[in-house]
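Asks: need a 3D model of the following:
(one chain, ligands or ions: 1)
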Amino acid sequence: MTVKVNRHKNHPLLPLISDKEQLESLAEKFGTPLYVYQAERLQENIKRLDSALKQSIENYRICYALKANTNPHIVSTLFQSVPSMGADCSSPGELYIAQKVGIPPDACIYTGNYESSTELETALNSGVHLNLDDITSYKRLKKIGLPKELSFRLNPGFGEGRFPAIVTAGHDAKFGVPREKIIDAYRHPAEDGIKQFGLQCMTGSGNLKFDYFVQLLKTILEIASSIERELSLQFNYISMGGGLGIPYKEEEEPLNVHELFKEISEVFVRYYGNTNSEWPTLIIEPGKYLVADTGFVLSRVVGLKESYKNFVGLDAGMNTLLRPALYNAYHRIYKVGDPLLSPTHTVDVTGGICENTDRLATDRLLPEISEGDLVAIMDAGAYGFVMSNQYNTRPRPAEVLLINGAPKLIRQSESLDDIFRLCNWDRDTEA
Ligand code: LLP
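Replies: Numbers count the residues shown, from 1 in each chain. Next up is the predicted model:
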């Protein structure tokens, strides 16, 4: 017999995962695997962050990092909760969806990398704030036209992330202008007559260490001051990028964003003085913090196998949620209806993909699970659906948004015909 104990599980969606009836009905109606999101959690996350910023900083903007989740219903839920929200776009596709949702261009920042001339032209014409990855990007841009305002992505020479693969600055990173070259980068546009500038820096994803952000901002502002002094310019905005983490594991604590931005504002005082209204606008570009814990993958156990290892086989796999296979990322897996059950078995959780890296969890302690049970793979709201794929010719799943408990289908599941629609192949005419 398994005993129910509360192991300090505190995931915000725990009540939902306990509601077997509701989740069985979603599975029946929309099929599995299924991405399920909760609208109230999306609203809570962005409002909490907005109030933390508002408390300490006069000029700020939250630019939601669209790369985390571009479903327009999700983006629009966030945008409606905090209408001053802007977007961080990394591709013409993300610019497109920001525009569709109605986010004003002036509230958006565009940070590509190895941006092609066509891409730069699209970004320039859209009227968003342009943040370039390199001096060579500026040279390509110049052939197309000059913006009124420009920013560069700084690589301060170090970075930090939840695991090495998601560190986005430092000596191994492909992003940004190294700090040794940053003054030179700004010199070119300044000499070309551009008068308004921003500075952006994004050093890694999934950070839960409070001090890291404070230290990072000190470095950014130190470098910003030296650029300002050297080139006699003043930054309109400073963007710290994204990187605010969420607790993916039971024992981790969420970031205290109210405290964080209080300390951040103290760093601003040191560099820009006591008059809050005279500081450059602080931009942050959160992805994970806003959407990761708002969604999960609902999946059915297809089979249990005892081999050299024990396997729980799901109808979701690395095609549905790539993060565990790609980064060895940890996602909690709960048994639907009974998320507080004590673990009894060590298993690997896998899908049906013909690839041995197809894992959703490795050597994971899970409670007793049977064929036909539903499980929830948690914290899949960020970098979940957007990184899903059709490998092994498996259509991508549907997405459902729960609004006060009522399901709204926000993306249909793909069909096999959808996968091949653009091939324009017809046996009769090809023969
Ligand atoms: N801004 C820029 C310029 C970025 O490069 C990124 C993430 C963000 C904002 C948002 O970062 P966040 O707040 O979500 O940490 N696929 C990986 C994460 C890669 C992040 C790359 N850049 C994952 O699943 O963990």
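Asks: what stretches of the protein score poorly on pLDDT?
Replies: By pLDDT under 70, the low-scoring segments of the chain are 1-8, 431.
Asks: which stretches in the stretch 151-300 of the chain count as helices?
Replies: Ranges of helices in the stretch 151-300 of the chain, per DSSP state H, counting those that start in this stretch, are 182-191, 210-231, 257-272, 288-291.
Asks: for residue 138, which of those helices is the nearest?
Replies: helix 182-191 (5.9 Å; CB to CB). C-beta: built from backbone N, CA, C; applies to glycine.
Asks: determine how far the closest one lies from the middle of the whole chain.
Replies: Distance, stretch centre to chain centre, for helix 182-191: 31 Å (CA atoms, centre = their mean, to the nearest Å).
Asks: buried sites along it?
Replies: Judged by neighbour count (16 or more other CB atoms under 10 Å), helix 182-191 contains these buried residues: 182, 183, 185, 186, 189, 190.
Asks: give the contact list for the fourth one.
Replies: For residue 186, the residues meeting the contact criterion (CB atoms under 8 Å, 6 or more residues apart in numbering) are 152, 197, 227, 231, 233.
Asks: including distance to the ligand and neighbour count, could those residues go into TSV?
Replies: Listed next are the contacts of residue 186 as TSV, based on distance: CB to the nearest ligand atom, whole Å; neighbours: other CB atoms under 10 Å:
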residue	distance to the ligand	neighbour count
152	12	27
197	17	22
227	19	22
231	23	16
233	22	17
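Asks: in the longest strand seen in the chain, what counts as buried?
Replies: In the chain, with assignment by DSSP state E, the single longest strand is strand 295-306. For strand 295-306, a neighbour-count test (16+ other CB under 10 Å) marks 295, 296, 297, 298, 299, 300, 301, 302 as buried.
Asks: kindly indicate which of these lies nearest residue 318.
Replies: Ranked by distance to residue 318 (CB to CB), the buried residues of strand 295-306 are led by residue 297 at 11.7 Å.
Asks: excluding chain neighbours, what is closest to the closest one?
Replies: Taking CB to CB, 6 or more residues apart in numbering, and ignoring the residues beside it in sequence, residue 297 has residue 377 as its nearest neighbour in space, at 4.2 Å.
Asks: residue 265 now?
Replies: residue 56 (3.9 Å).
Asks: ok so, going back, looking at the buried residues of strand 295-306, spot the one nearest the ligand.
Replies: Among the buried residues of strand 295-306, residue 295 lies closest to the ligand (CB to the nearest ligand atom), at 13.0 Å.
Asks: could you measure from the closest residue to residue 298 other than its chain neighbours over to residue 71?
Replies: In space, and not counting its chain neighbours, residue 298 is closest to residue 34: 4.5 Å by CB to CB, 6+ apart. Applying CB to CB, to the nearest Å, the value for residue 34 to residue 71 is 13 Å.
Asks: overlap of the contact sets of the two?
Replies: The contact sets of residue 34 and residue 71 overlap at residue 399 (CB under 8 Å, 6+ apart).
Asks: which of these two has more neighbours?
Replies: residue 34 (26 against 21; other CB atoms under 10 Å).
Asks: residues in contact with that one?
Replies: By CB under 8 Å, 6+ apart, the contact set of residue 34 is 26, 27, 297, 298, 299, 397, 398, 399, 400, 413.
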